[in-house]
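> Sequence and predicted structure below; questions after.
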Amino acid sequence: RFVKSHGKYLKNMPGPRPNPYLGNMLDFLCPNYKILDVVLNYTKKYGNIIKVYYGPLQMAVLTCDEKFLEFIMNSNKTVKGDQYLFFRNWIGDGIFISSGKKWKARRRMLTPAFHFTILENFVDIFESCGDVLLKNLEPYEGRESFDINKLITLYALDVICESSMGTKLNAQMNGENQYVKAVKLICQIIVERSFSPLNPVLYPFTYNFYKERRALKVLHSYSEAVIDQRIREMNDRTENQSEQSEDDIGIKKKISFLDLLLRATCDGKPLSKADIRDEVDTFMFAGHDTVASTISFTLHALANNPSVQQKTLEEQIEMFGDIKSAKPTYADLQNMNYLDMVIKESMRMYAPVPLIVRKTTEEFEWEGNVFPKDLTIGIYQFLLHRSKKYYEDPMKFIPERFLNVDGKHPYRFIPFSSGPRNCIGQKFAMVQLKCILSKIVRNFELLPANPNPELKIAPEIILVSKNGITISIRKRH
Ligand code: HEM
């Protein structure tokens with residue numbers, strides 16, 4: 001009877017033939033850097049909307065079809081997939097995970113924090129953390145090959161911590177810092193859980209559960225201590241106290257997302273301390289690896305495309321002459337048009353968030369197929385951005401393809417997702433990306449690593465390269 005009642009679902013959707021017991025899961029029993037190839041082969045054979053089975057009867061849909069994406073991402077019949085619950089222990093039920101009324105109220109409350117008048121304030125942070133990165137890069141000058149991603153991730157953590165909480169993490173000076181280690185550990189556990197076949201009910205009996213609990217203690221105690229201190233300061237503040245001074249544990253009294261959250265109200269009420277912690281932790285999580293992945297892949301692309309690097313440098317020289325230490329203003333950053341296209345082209349080829357997941361909340365019909373409730377839909381931005389159907393020479397790095405996007409479907413390029421649940425931090429990210437890439441290109445020539453292996457790209461929560469993102473650098477004089 002079950003099969004009969006389910007027979008109407010996705011009847012006309014193509015997909016690989018399933019094994020009667022394991023569905024199509026056998027195809028996915030491979031190293032994770034091969035997974036994108038598996039789905040790519042599916043799309044070649046079956047098109048851009050595919051039905052797969054992850055058990056004898058459990059169906060899922062994988063897609064990189066622009067029209068279908070537009071429909072799904074704007075539909076009120078989907079929510080984020082169950083995989084997002086693995087983040088919950090760290091970031092709670094804030095803007096990233098919540099849905100319905102709660103999400104709407106949070107989104108409305110947080111949107112003003114990303115207004116350009118606020119973003120302008122963060123340029124100083126991007127600059128000062130970027131200067132530390134330049135210093136950290138110096139010892140690598142002349143090496144034939146090094147993995148750029150490790151240094152960049154520490155830089156990204158410093159930036160997001162100071163912007164979110166107003167505290168200096170100094171991850172770039174001390175990568176062994178407890179908080180940094182806890183962030184790395186928890187991200188690794190989330191990736192492992194997302195790809196693990198283990199029933200979630202058994203998770204509390206694993207070693208990862210124990211390690212996660214310890215890491216959460218470090219992460220939550222840090223954000224709670226900062227929030228408490230900031231509340232005390234706000235209460236104690238006298239009229240003539242400077243907003244720019246810094247105290248002995250590194251709390252900078254410059255506006256941060258935390259300050260905005262402490263002053264904000266949601267449905268007329270101030271947020272509780274737990275709610276504030278969730279949102280601050282969300283920014284820490286959502287705003288570091290994504291940015292680090294983008295910077296690292298962009299540097300790799302520039303190193304391997306010398307003519308693009310030359311044009312990027314020429315734009316910088318046009319703006320700042322030979323002044324390598326120039327500090328761009330917010331307006332300068334907005335005017336870096338070629339660099340803007342370079343970043344977009346990098347996010348096209350190396351979608352920092354390669355896959356997002358939605359779950360249907362009710363039955364609906366789309367182009368001749370009935371979709372059941374509770375169906376998982378995997379949206380592969382990575383494959384969308386590399387699709388021959390949508391891009392000419394998709395494997396070539398050509399920033400100029402973004403010169404004219406008139407007439408192109410708006411869901412053809414969606415590194416920050418699209419629709420109501422798009423990335424709230426995208427303007428922040430673009431300003432930060434331009435700031436650091438402009439600084440690195442002005443100061444270092446980027447060269448291909450030697451040896452220069454093909455990247456083993458894998459879709460973890462963000463896009464990673466399993467054999468590192470290696471380049472070589474030479475200081476510009
Ligand atoms: C290059 C950098 C970034 C990329 C590529 C990126 C990409 C994305 C994507 C694809 C989503 C949608 C996820 C989904 O629906 O499953 C998202 C959501 C989100 N991002 Fe970003 N992100 C970046 C940087 C940032 C930064 C810097 C912040 C914070 C300062 C941030 C905060 C968020 C938040 C809070 C959401 C959830 C929004 C909502 O559901 O309303 N992101 N991001």
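Good, I have the coordinates. Numbers count the residues shown, from 1 in each chain.
> When you work out contacts or count neighbours from here on, use the C-alpha atoms and nothing else.
OK.
> For stretch 384-403, buried residues please.
Going by neighbour count (16 or more other C-alpha atoms under 10 Å), the buried part of stretch 384-403 is 384-387, 390, 397-399.
> which parts of the stretch 251-400 of the chain sit against the ligand?
Counting by C-alpha under 6 Å from any ligand atom, the residues of the stretch 251-400 of the chain close to the ligand are 283, 286-287, 290-291, 294, 352-353, 356.
> Show me which of these is closest to Asn149.
Taking C-alpha to C-alpha as the measure, Asn149 lies nearest Thr294 of these, at 9.7 Å.
> near the ligand, which residues of the stretch 51-200 of the chain show up?
95-96, 107.
> quick one: which of those residues is most hemmed in?
The residue in those with the most neighbours, by other C-alpha atoms under 10 Å, is Phe96 (24 neighbours).
> Check whether that residue sits in a helix, strand or coil.
Taken by DSSP: H, G, I helix; E, B strand; the rest coil, the conformation at Phe96 corresponds to coil.
> And for it, nearest residue in space, chain neighbours not counted?
Distances taken as C-alpha to C-alpha, 6 or more residues apart in numbering put Thr282 closest to Phe96, at 7.0 Å, once the chain neighbours are dropped.
> which residues touch the residue in the stretch 201-350 of the chain that the ligand sits nearest to?
The minimum distance from the stretch 201-350 of the chain to the ligand, using C-alpha to the nearest ligand atom, falls at Gly287 (3.5 Å). By C-alpha atoms under 8 Å, 6 or more residues apart in numbering, the contact list for Gly287 reads 156, 160, 425, 429.
> which of the residues in stretch 305-322 are buried?
Quick answer for stretch 305-322 (16+ other C-alpha under 10 Å): 305, 308-309, 312-316, 320.
> Adding pLDDT, write the residues of the stretch 51-200 of the chain next to the ligand out as a markdown table.
As requested, these are exported to a markdown table (pLDDT from 0 to 100):
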| residue | pLDDT |
| --- | --- |
| Ile95 | 95 |
| Phe96 | 95 |
| Arg107 | 94 |
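> so which of those residues comes closest to the ligand?
Nearest to the ligand among those, counting by C-alpha to the nearest ligand atom, is Phe96 at 4.1 Å.
> the helices in the stretch 101-250 of the chain, which residues?
Here the stretch 101-250 of the chain has its helices, by DSSP state H, counting those that start in this stretch, at 116-137, 148-165, 178-195, 207-236.
> deepest of the ones you listed, which one?
helix 148-165 (a mean of 24; mean count of other C-alpha atoms under 10 Å).
> So which of the buried residues of stretch 384-403 are in helices?
384-385 (DSSP state H).
> can you redo the buried residues of stretch 384-403 as CSV with pLDDT and distance to Arg232?
Shown next, in CSV, are the buried residues of stretch 384-403 (pLDDT from 0 to 100; distance: C-alpha to C-alpha, whole Å):
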residue, pLDDT, distance to Arg232
Leu384, 97, 49
His385, 97, 48
Arg386, 97, 51
Ser387, 96, 53
Tyr390, 95, 54
Phe397, 98, 51
Ile398, 98, 52
Pro399, 98, 49
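> Need the buried residues of stretch 384-403 in JSON lines (columns: distance to Ala274).
Output for those, formatted as JSON lines (distance: C-alpha to C-alpha, whole Å):
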{"residue": "Leu384", "distance to Ala274": "38"}
{"residue": "His385", "distance to Ala274": "38"}
{"residue": "Arg386", "distance to Ala274": "41"}
{"residue": "Ser387", "distance to Ala274": "43"}
{"residue": "Tyr390", "distance to Ala274": "44"}
{"residue": "Phe397", "distance to Ala274": "44"}
{"residue": "Ile398", "distance to Ala274": "45"}
{"residue": "Pro399", "distance to Ala274": "43"}
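> Excluding chain neighbours, what is closest to the residue nearest the centre of the chain?
The chain has Thr290 as the residue nearest its centroid, 2.9 Å off, counting by C-alpha atoms, centre = their mean. Leaving aside its sequence neighbours, Thr290 sits nearest to Pro352 (C-alpha to C-alpha, 6+ apart; 5.7 Å).
> How about Phe397?
Looking at Phe397 with C-alpha to C-alpha, 6+ apart, the closest residue is Glu345, at 6.7 Å.
> Could you do Lys475 as well?
Closest to Lys475 by C-alpha to C-alpha, 6+ apart is Phe444, at 4.5 Å.
> Report the separation between that neighbour and Leu313.
10 Å (C-alpha to C-alpha, to the nearest Å).
> just Gly15 next, same as before
Counting by C-alpha to C-alpha - Gly15 and Leu313 are separated by 46 Å.
> cool, and Thr298?
Separation of Thr298 from Leu313 (C-alpha to C-alpha): 14 Å.
> so after the helix or strand of the chain with the lowest mean pLDDT, what's the next helix or strand?
Ranked by mean pLDDT, DSSP states H and E, the weakest helix or strand in the chain is helix 2-6, scoring a mean of 59. Beyond helix 2-6 in the direction of the C-terminus, DSSP states H and E gives the next helix or strand as helix 35-46.
> Can you point out the buried residues in that next one?
Using 16+ other C-alpha under 10 Å as the test for burial, helix 35-46 gives 35-36, 39-40, 42-43.
> Parallel or antiparallel, list what pairs with the following helix or strand past it.
Using DSSP H and E, the helix or strand that directly follows helix 35-46 along the chain is strand 49-53. Sheet pairing here is set by DSSP bridges, and for strand 49-53 it gives strand 59-63 (antiparallel).
> Put the alpha carbons of the strand it pairs with into PDB.
Provided in PDB are the C-alpha atoms of strand 59-63 (Å, rounded to 0.1, in the frame of the first residue of the first chain):
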ATOM      1  CA  MET A  59      13.900   9.600  -2.500                       C
ATOM      2  CA  ALA A  60      15.800  12.800  -2.800                       C
ATOM      3  CA  VAL A  61      16.200  15.300  -5.700                       C
ATOM      4  CA  LEU A  62      19.500  16.800  -6.800                       C
ATOM      5  CA  THR A  63      19.400  19.800  -9.000                       C
END
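> relative to helix 35-46, how tilted is it?
90 degrees (axes from the mean of the first three to the mean of the last three C-alpha atoms, to 10 degrees).
> Let me see the mean pLDDT of strand 59-63.
Strand 59-63 shows a mean pLDDT of 96.
> Now do it: everything it contacts.
48-54, 69, 375-380.
> Recalculate using a threshold of 6 Å.
48-53, 375-379 (C-alpha atoms under 6 Å, 6 or more residues apart in numbering).
> sec struct for Pro394, please.
Going by three-state DSSP: Pro394 is coil.
> list the contacts for it?
Residues near Pro394 by C-alpha under 6 Å, 6+ apart: Arg386.
> picking that back up, with respect to Lys324, which of the helices of the stretch 101-250 of the chain lies nearest?
helix 116-137 (11.2 Å).
> who does the closest one touch, helix- and strand-wise?
Contacting helix 116-137 under the criterion 3 or more C-alpha pairs under 6 Å, 6 or more residues apart in numbering; DSSP states H and E is no other helix or strand.
> Now do it against helix 148-165: the angle between them, please.
Going by the same axes, to 10 degrees, helix 116-137 makes 140 degrees with helix 148-165.
> Quick one: distance of helix 116-137 to the chain centre.
19 Å (C-alpha atoms, centre = their mean, to the nearest Å).
> quick one: low-confidence ranges for this protein?
1-5, 238-254 (pLDDT under 70).
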